[in-house]
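Novice: predicted model and sequence below, questions to follow.
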Number of protein chains: 2
Amino acid sequence: MEHTGDGSRFVLVAGTTETAQRDGISAAGADPELMVETPAADAELLAYGRPVRTEHVPVSPSGCPTPALVTRAVRELLGFEATVVDGGLAKPTAAPTVTVGAGVGRDIAEQDPVPTAHGAFEAARQFGRALPADELWLAESIPGGTTTALGVLRALGEDAMVSSSLPANPTEQKRAVVEAALEASSLAPGDAAAEPKRAVRRMGDPVLATLAGLAAGAVETDTPVTLAGGTQQLAVAALVRHGGYEGRLGLATTAYVADDETADLRASAESLSLDLTVTDPGFDESDHVAMERFVAGEAKEGVGMGGALALADRAGIAMAEVRERFAAVYDDLLDGAVGESP
Amino acid sequence: MEHTGDGSRFVLVAGTTETAQRDGISAAGADPELMVETPAADAELLAYGRPVRTEHVPVSPSGCPTPALVTRAVRELLGFEATVVDGGLAKPTAAPTVTVGAGVGRDIAEQDPVPTAHGAFEAARQFGRALPADELWLAESIPGGTTTALGVLRALGEDAMVSSSLPANPTEQKRAVVEAALEASSLAPGDAAAEPKRAVRRMGDPVLATLAGLAAGAVETDTPVTLAGGTQQLAVAALVRHGGYEGRLGLATTAYVADDETADLRASAESLSLDLTVTDPGFDESDHVAMERFVAGEAKEGVGMGGALALADRAGIAMAEVRERFAAVYDDLLDGAVGESP
């Protein structure tokens, strides 16, 4: 096989926001302490297929495995290039990472939760301009990220609602957090319209800032970009649109997000003029334990799962093969390790 | 193609020592200022095939291109996994890097030139223990590294002499630097025998410390290790041997280093019980400008060139094909850019 560094390149931005430490906001970890490690572990799973410096494969409190295992499974089948960018990690990762100066994001109800947003946006933009690729697929891992995404959308004046890693989206809680955060930043909804860096610094997280910079840099140099993920990527798209870019931009997500009635992703994607790709991995056709929590509505997306599924589909790989590989990755790493404690 | 993260994994440790700033020590850069950037650029060339954050493809003052282009050419042909570890970079790189806490190395005539050596060794060791691979190929990029390698060999009491990136090895200058450095560290030759971490901290550089840690961790967990490089890798092997490891250890280098009479690599490899592989890329069979400086005795090795050639050879790829790809990589990046100024 030839390996020229071009072709499709997957870029995972992994980072943290302390917003995730609020009770009931995220299911991206078995408990709040482990949740802080989730992005570092996701990066290792994508890069190496197993935890290396981190100690656990991330699971939700009920045992739903991280979508990183799905993305990894597709990567093992397709062999696409994957690059991890440090979007404000709080724990060390053994995954090789590109540095853009992003620090840990603080709770969005603080007055200046992402002081590194401007610098990370600009460094990511330069990186996105120079990174060789025929097309970029941008992915995220950040527990609590749908809440900060909602914060950014409101600051920009966008109506979109966000989805959740929990089966029951804590919509009212998110709205209340965002309302308090807007007040703490002395912003009314829409006050940061056309000011994407201000919106993400005051109401967002370092991963959104980094992704928006990467996307901006790539589209400036005519590299096709697909935002791989759910409603967090709507916020990235909104940041790019409010930065003045009106060209083509893709969004690839899972059927779980697209079918989430608390969000209405399709309408939001249309209002942001995104080319939407929805892929259903057909986990309901399996009775494997790795898939049953997804079918129950957990996780839904993350670590570019929807993008990885779209890449597999485009390459003619049947979803049955993706499920088989996902089950194998899960069995290798987690079989017997989940669901044993009460 | 399948991509499971195992198989042969190439790990490049890229870093710096201020020892390289002494006149006449290294040819790993067009001038001392650009030399500081060489490891960051080499990492980008290995990862992406072109400079991304750095501005120049490293060349020697006479225009010899960095051996990173050869390693990259083989990577394009074979598609092996490559991971970059930050072994004390002084300039930002866009290559994704693993962090082990290595800082810039100071001049070895200072009293404590590598204060991060112990920490980097241990973090690299843990990483080497956990990193999934069927076999590891360890490579380096550090201008001035043969001088610090000589320092480590002397501190350990090993007689081996080192090679050079210059056609005329400045042997006497290196010996004088090492003698002064031993004095500054209050060490007589052999005083750090069986104390590898002390030897590399007082007389070495952060790349040697990191490589020795990686190799130690890998061999502890029975992962086969090949040290890919020239006489700098002799110092790594000596550090591993003085740490008490007596098992199999490979060394893969180029014919240019093996044939360097100022070094006598073969004898040193034998005395350290290394399984030596020497590969001749046959650059003398080409009249391409990319190869003529190698034929004239410049560069000789670096960025795992000898290991990459050995991997290609083992995979049945003819050296003519390697040369062709190397020429293509060079033409793409450097044609017309070298040799224009007087």
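Specialist: Nice, I can see it.
Novice: which SSE is whatever residue of the stretch 151-300 of chain A ends up closest to chain B in?
Specialist: Residue of the stretch 151-300 of chain A nearest chain B, by C-beta to the nearest C-beta: A:Gly217 (11.4 Å). C-beta coordinates here come from the backbone N, C-alpha and C atoms, glycine included. Taking DSSP states H and E as the definition, A:Gly217 sits inside helix A:206-220.
Novice: circling back: need the pLDDT of the residue of the stretch 151-300 of chain A closest to chain B.
Specialist: With respect to pLDDT, A:Gly217 scores 98.
Novice: number of residues surrounding it?
Specialist: Other residues lying near A:Gly217 total 23 when counted by other C-beta atoms under 10 Å in any protein chain shown.
Novice: returning to what we had before: ok, the helix or strand following the helix holding A:Gly217: who's next to it in the sheet?
Specialist: Next in sequence after helix A:206-220, counting helices and strands by DSSP H and E, comes strand A:225-228. Under the criterion DSSP bridges, strand A:225-228 sits next to strand A:135-141 (parallel), strand A:250-254 (parallel) in its sheet.
Novice: including mean neighbour count, distance to B:His118 and mean pLDDT, could these go into a markdown table?
Specialist: Shown next, in a markdown table, are those (neighbours: other C-beta atoms under 10 Å in any protein chain shown; distance: least, C-beta to C-beta, whole Å; pLDDT from 0 to 100):
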| stretch | mean neighbour count | distance to B:His118 | mean pLDDT |
| --- | --- | --- | --- |
| strand A:135-141 | 28 | 32 | 98 |
| strand A:250-254 | 28 | 46 | 98 |
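Novice: what does chain A put close to chain B?
Specialist: Neighbours of chain B within chain A, by C-beta under 8 Å from any C-beta of the partner chain: A:1-5, A:47-50, A:52-53, A:75-79, A:83-85, A:92, A:94-99, A:126-127, A:130-132.
Novice: next step: these restricted to strands.
Specialist: A:Thr83, A:Val84, A:Val85, A:Thr97, A:Val98, A:Thr99 (DSSP state E).
Novice: so where's the stretch 1-150 of chain A uncertain?
Specialist: A:1-6 (pLDDT under 70).
Novice: that one: helices as residue ranges?
Specialist: A:32-35, A:38-48, A:68-78, A:117-130, A:145-156 (DSSP state H, counting those that start in this stretch).
Novice: could I have the third one exported to PDB, CA atoms only?
Specialist: Think helix A:68-78. Taking C-alpha atoms only, helix A:68-78 is exported to PDB below (Å, rounded to 0.1, in the frame of the first residue of the first chain):
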ATOM      1  CA  ALA A  68     -13.900   5.900  19.900                       C
ATOM      2  CA  LEU A  69     -14.100   2.200  19.600                       C
ATOM      3  CA  VAL A  70     -16.400   2.500  16.500                       C
ATOM      4  CA  THR A  71     -14.100   5.100  14.900                       C
ATOM      5  CA  ARG A  72     -11.100   2.900  15.700                       C
ATOM      6  CA  ALA A  73     -12.800  -0.200  14.200                       C
ATOM      7  CA  VAL A  74     -13.400   1.700  11.000                       C
ATOM      8  CA  ARG A  75      -9.800   3.000  11.000                       C
ATOM      9  CA  GLU A  76      -8.600  -0.600  11.300                       C
ATOM     10  CA  LEU A  77     -10.700  -1.500   8.200                       C
ATOM     11  CA  LEU A  78      -9.800   1.500   6.100                       C
END
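Novice: name the helices or strands packed onto it?
Specialist: Helix A:68-78 sits against helix A:38-48, helix A:305-314, helix A:319-334, with contacts defined as 3 or more C-beta pairs under 8 Å, 6 or more residues apart in numbering or on different chains; DSSP states H and E.
Novice: can you give me phi and psi for the closest residue to A:Leu309 other than its chain neighbours?
Specialist: Closest residue to A:Leu309 apart from its sequence neighbours, by C-beta to C-beta, 6 or more residues apart in numbering or on different chains: A:Thr279 at 3.8 Å. In terms of degrees, to the nearest 10, the main-chain angles of A:Thr279 are phi -120, psi 130.
Novice: tell me how many other residues surround A:Thr279.
Specialist: Neighbours around A:Thr279, by other C-beta under 10 Å: 22.
Novice: before we move on, what about the one 4 residues further on?
Specialist: A:Phe283 has 23 neighbours, counted by other C-beta under 10 Å.
Novice: contacts only, for it.
Specialist: Listed by C-beta atoms under 8 Å, 6 or more residues apart in numbering or on different chains, the contact partners of A:Phe283 are A:Met291, A:Glu292, A:Phe294, A:Val295, A:Arg323.
Novice: just give me the residue closest to the centre of chain A.
Specialist: A:Glu140 (2.8 Å; C-alpha atoms, centre = their mean).
Novice: show me what contacts that residue?
Specialist: Contacts of A:Glu140 (C-beta under 8 Å, 6+ apart): A:Leu12, A:Val13, A:Ala14, A:Gly87, A:Val207, A:Leu211, A:Gly229, A:Gln232, A:Gln233, A:Gly302, A:Val303, A:Gly304.
Novice: and A:Phe121, by the same measure?
Specialist: A:Phe121 touches A:Pro196, A:Lys197, A:Val200, A:Ala209, A:Thr210, A:Ala212, A:Gly213, A:Ala216, counting by C-beta under 8 Å, 6+ apart.
Novice: which strand or helix spans the second one?
Specialist: Read that as A:Lys197. Assigned by DSSP H and E, A:Lys197 falls in helix A:196-203.
Novice: chain center to that helix, what's the gap?
Specialist: Distance, stretch centre to chain centre, for helix A:196-203: 18 Å (C-alpha atoms, centre = their mean, to the nearest Å).
Novice: the nearest residue to A:Asp280 once chain neighbours are set aside and A:Asp31, how far apart?
Specialist: If the residues on either side of it in the chain are set aside, A:Asp280 comes closest to A:Ala255, at 3.6 Å by C-beta to C-beta, 6+ apart. Per C-beta to C-beta, to the nearest Å, A:Ala255 is found 29 Å from A:Asp31.
Novice: again, but for A:Val225
Specialist: Counting by C-beta to C-beta, the gap from A:Val225 to A:Asp31 is 35 Å.
Novice: of those two, which one has the most company?
Specialist: Using other C-beta under 10 Å, the more surrounded residue of A:Val225 and A:Asp31 is A:Val225, with 28 against 8.
Novice: I figured the more buried one was touching A:Ala139, is that so?
Specialist: No. Contact criterion C-beta atoms under 8 Å: A:Val225 and A:Ala139 do not qualify, at 11.7 Å.
Novice: want to try TSV for the contacts of A:Phe121, with neighbour count as columns?
Specialist: Formatted as TSV, those follow (neighbours: other C-beta atoms under 10 Å in any protein chain shown):
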residue	neighbour count
A:Pro196	29
A:Lys197	22
A:Val200	36
A:Ala209	35
A:Thr210	36
A:Ala212	33
A:Gly213	35
A:Ala216	24
